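Asks: I would like the atomic coordinates for the input below:
(2 chains, ligands or ions: 2)
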Amino acid sequence: MELRKDYFADVRKDGLNEIGQPRPRLDSPGHVTGQTAYFADRNFPGMLHLKMVRSPHHHARIRSVDTSEAEKHPGVVRVLTAKDVPHNVYTILILIQIGPEDETVLADGKVRWKGEAVVAVLAETERAAQEAAAKVKVDYEVLPAVFDMEEALKPGAPIVNEYHGRNYYLYDSGDCRKVRFGDVEAGFAEADHILEQTYQSSPIEHAPTETTGCIVAPEGNDRFACYTNTQAMFFTLDNASIILQMPGSKLHFVGGTVGGGFGGKVDVIVEPIAILAAKLTGRPVSFIYSREEEMQISSPRAAEKVVIKDGVMKDGRIVARKVTGYTDAGAYSRHSPYGAQKGAAHYPGPYTIPNVWIDTYCVYTNRTPSSAMRGFGVTIGDFALEVQMDKLARLIAMDPLEFRFINAYRDGDMKAHRQLTEGAALIECMQEASRAANWPVADKYMAMSSYRKGA
Amino acid sequence: MAKVPVQFTLNGSEKAEFIESGTTLLHALRDKIGDTSPKGGCHQGTCGACSVIIDGELRLSCLTLAETCNGADITTTAGLAEGGVLHPLQRAFLDAFATQCGFCTPGMIMAAKVLLDRTPNPSREDVVEALSGNICRCTGYEPIIQAVLTAARANSQSAA
Ligand code: FES
Ligand code: FES
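Replies: Ligands and ions are numbered 1, 2, ... in the order given. Next comes the predicted model:
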């Protein structure tokens, strides 16, 4: 790797001793010898296996749950339903005051997506748990479901999640996250060209090689060790503490090695119910997603829809940008209100635009709840924005890279969120990219700098 | 469930176990014998994380019944380092940054070992072909391919 230390040499602190030095990864000796301990590499005598009974419907009222046959199945030790969970309705981000609590650990009265957990079965073997789970009888009254964000937002659409009472998340700023900067209509009025385009994405599954799960072992003194591959250790500990109504000091979480996550293991789904199961049976419990569950049940990246309208001048300046973004949360919030909010912050792009107007909605549908994944809320947005940038450049017959130089934010520029740009270095990155890709731009762009003295 | 006796050699040492009929080798190795180096990523023969070497052949331990391994000679990644010295493949994976989460690594190393045992000087295409049954969601494969080629070169130099 080449380090270009000539950039910003006069403004940069140069006490960076590690950057540019190869360093061995701490964990790779364990990986190459097969000695790294993943959560499932632990085995406890007398361990029970947990299998979930899941909703076969996208949206249904639960009339009744009958677990009597399952309980009689050989090898079954206990069956758990909603009434066994101390604080059954929760939401992950309540820890940072983002509510309301809107998701059940085990469904209570209603299911809102196909695959939702309804009943947990604990048995001596995985097979017995699976067979018993098939014997749980749930009587459903199927309700109309909504799978499309536009449909969900129409008046009269079936309400997906009563805890919200409407099919979108209510921010403190209102129906959506908003950014307002300058006068976007005035910007469009002065623009030489206007381009409005819609971009859409589908949900994406992380598909980690190691599936989601945990193993819980009672440690005595009503304390529980939870070996887990969570990517969000303290979120999980604190949420488990709320759900189980147990002090955090009773919960001993052991993690560290995650066999691939990509954001897909930040939700708090497997640990609380497994800890509860260990508490109620007094035995170690293993709850591991099968590959099929991983693909169908774990939260994907949200489907998104982005409508971008730009006003551009013949000389290449973008003078107005209006964006409406929609994030499909699925049936529950998880991290999606935050994802939609990130989108609002991101849609101006790394560009200085004097008039910006942004609304982003977090929409509920009867689809698998979506959540975090590698830059969720901004990755799809970036794709849409940069495709839009190419289209704008084409519209005014300008080189797409030169077009970006004209609009790139530079130190001292005011961003649409009223933050002064600092340490942008975007111009310099594009100059290097132009060299590396052998995509020449006019000399005047190669002479530009992101850094402005005094900025 | 009926239990059957199974005897095989695992990384050079004799193992004798009573195993429930129908138990996979993956399950037997991990949960009975305590060698957790083969990983269960899919339990359906598609990810390669559970790969082991049985009598010189690359096999998916999640699709192999333990009871069919009587008398077999089984190698797993846990048995590759000798006297605390890493196998050239392990060294190369370590040096080439070919592991991220590490979950696919033991299976990858097994697949690579079978290749190098048969084809000491593989082409890049040979490597790609040999690893094609192993899924890695983290590395993007290129560092893994480079590691195998590097290990092959190290091998041929030490042989010369
Ligand atoms: S676990 Fe055997 S191939 Fe995936
Ligand atoms: S290193 Fe994570 S799956 Fe390969």
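Asks: Would you tell me which residues of chain B are close to ligand 1?
Replies: B:G40, B:G41, B:C42, B:H43, B:G45, B:T46, B:C47, B:G48, B:A49, B:C50, B:L60, B:C62 (C-beta under 6 Å from any ligand atom). Yep, even glycine has a C-beta here, placed from its N, CA and C like the rest.
Asks: which ones are touching the spatially most central residue of chain B?
Replies: In chain B, the centroid-proximal residue (C-alpha atoms, centre = their mean) is B:M110; its distance is 2.8 Å. Shown in contact with B:M110 (C-beta atoms under 8 Å, 6 or more residues apart in numbering or on different chains): B:S51, B:V52, B:I53, B:L58, B:T75, B:T76, B:T77.
Asks: and the second one, what helix or strand is that in?
Replies: Taking DSSP states H and E as the criterion, B:V52 maps to strand B:51-54.
Asks: low-scoring stretches of the chain, by residue?
Replies: Defaulting to chain A. When residues are selected by pLDDT under 70, those of chain A lie in A:1-2, A:453-455.
Asks: wait, chain B
Replies: B:1, B:157-160.
Asks: 50 instead, please
Replies: B:160 (pLDDT under 50).
Asks: What residues of the following helix or strand past the strand holding B:V52 count as buried?
Replies: Using DSSP H and E, the helix or strand that directly follows strand B:51-54 along the chain is strand B:57-60. Using 16 or more other C-beta atoms under 10 Å in any protein chain shown as the test for burial, strand B:57-60 gives B:L58, B:R59, B:L60.
Asks: what's the burial count for the closest residue to the first one other than its chain neighbours?
Replies: Residue nearest to B:L58 in three dimensions, not counting chain neighbours: B:V114, with 4.3 Å by C-beta to C-beta, 6 or more residues apart in numbering or on different chains. Applying other C-beta atoms under 10 Å in any protein chain shown, we find 17 other residues in the vicinity of B:V114.
Asks: you'd agree A:T209 is up against B:C104?
Replies: Yes - counting by C-beta atoms under 8 Å, A:T209 touches B:C104, with 5.2 Å between them.
Asks: anything in contact with each of those two?
Replies: Joint contacts of A:T209 and B:C104 (C-beta under 8 Å, 6+ apart) are B:K39, B:G41, B:C47, B:A49, B:I135, B:C136, B:R137, B:C138.
Asks: give me every residue that touches the last one.
Replies: What it means is B:C138. A:T209, A:G260, B:Q100, B:C101, B:C104.
Asks: and these, which two are the farthest apart?
Replies: Spanning the widest gap among those are A:T209 and B:Q100, at 10.1 Å by C-beta to C-beta.
Asks: These two: who's more crowded?
Replies: A:T209 (26 against 20).
Asks: Please, which helix or strand holds that one?
Replies: Using DSSP H and E, A:T209 sits within no helix or strand.
Asks: contacting residues around it?
Replies: A:259-260, B:39, B:41, B:47, B:49, B:101, B:103-104, B:135-138.
Asks: In strands, which of these appear?
Replies: The members of those all map outside strands under DSSP state E.
Asks: what's the closest of those to ligand 1?
Replies: B:C47 (3.4 Å; C-beta to the nearest ligand atom).
Asks: which parts of the top helix by length along chain B are buried?
Replies: In terms of residue count, the longest helix belonging to chain B (DSSP state H) is helix B:142-159. For helix B:142-159, burial by neighbour count (16+ other C-beta under 10 Å) applies to B:P143, B:I144, B:I145, B:Q146, B:A147, B:V148, B:L149, B:T150, B:A151, B:A152, B:N155.
Asks: Quick one: the helices in chain B, in order.
Replies: B:25-27, B:88-95, B:105-118, B:124-130, B:142-159.
Asks: cool, and chain A?
Replies: A:28-33, A:68-72, A:126-133, A:149-153, A:184-190, A:233-244, A:270-281, A:291-297, A:336-346, A:379-395, A:400-407, A:426-436, A:443-446.
Asks: Those: which one's closest to B:L131?
Replies: B:L131 lies closest to helix A:28-33 among those, at 15.2 Å (C-beta to C-beta).
Asks: residues in contact with A:V270?
Replies: So A:V270 contacts A:T212, A:G213, A:C214, A:T228, A:F287, A:Y289 (C-beta under 8 Å, 6+ apart).
Asks: Buried ones only from the residues you listed, please, as a ChimeraX command.
Replies: Selection of buried members from the contacts of A:V270 for ChimeraX, criterion 16+ other C-beta under 10 Å:
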select /A:212,213,214,228,287,289
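Asks: Check the contacts of A:V270 and tell me the two furthest apart.
Replies: Taking C-beta to C-beta, no two of the contacts of A:V270 sit farther apart than A:T228 and A:Y289, at 12.2 Å.
Asks: who touches both of these two?
Replies: Common neighbours of A:T228 and A:Y289 (C-beta under 8 Å, 6+ apart) are A:G213, A:V270.
Asks: re earlier: now the contacts of B:C138 in TSV, with distance to A:F188?
Replies: Below are those laid out as TSV (distance: C-beta to C-beta, whole Å):
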residue	distance to A:F188
A:T209	48
A:G260	45
B:Q100	46
B:C101	48
B:C104	51
